[in-house]
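Please find the sequence and the predicted model below.
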Amino acid sequence: VKPTSSISLPQQTVNIRGEEQTIRTEGRHDPCICPRIVPVVEAMACLVLEDHYKRQAAMKA
């Protein structure tokens, strides 16, 4: 699993007061995806198993 990349182009955003600002990321500041990947892998494993179960059931019918 590769980390998500930072976007180095200037981007429009707003601060907590609602004022428009321009931000630009300098360097590489990738968020850590490790804590979020576990539920994604579990969900994909469930989908793959369900798909195979349904394919097997369709062959028997």
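Received it, and whenever you're ready, just let me know what you need.

Make sure Thr13 is indeed in a helix.
No: counting by DSSP: H, G, I helix; E, B strand; the rest coil, Thr13 falls outside a helix, being strand.

mind listing what it touches?
Going by CB atoms under 8 Å, 6 or more residues apart in numbering, Thr13 touches 20-23. C-beta here means a position set from N, CA and C on the backbone, and glycine is covered the same way.

at 10 Å what do you get?
Thr13 makes contact with 19-23, according to CB atoms under 10 Å, 6 or more residues apart in numbering.

Tell me what it is bridged to.
Beta-bridge pairing of Thr13 under DSSP bridges involves Gln21.

Next, find the distance separating it from Ile23.
Thr13 sits at a distance of 6 Å from Ile23 (criterion: CB to CB, to the nearest Å).

Measure how buried Thr25 is and give me the count.
When counting by other CB atoms under 10 Å, one arrives at 13 neighbours for Thr25.

What's the local residue count around the spatially closest residue to it that is not a sequence neighbour?
Using CB to CB, 6 or more residues apart in numbering and skipping residues adjacent in sequence, the residue nearest Thr25 is Ser6, 4.6 Å away. Using other CB under 10 Å, Ser6 has 12 neighbouring residues.

Read off the pLDDT value for Ser6.
Looking at Ser6, its pLDDT stands at 74.

And what about it, helix, strand or coil?
Using three-state DSSP, the structure places Ser6 in coil.
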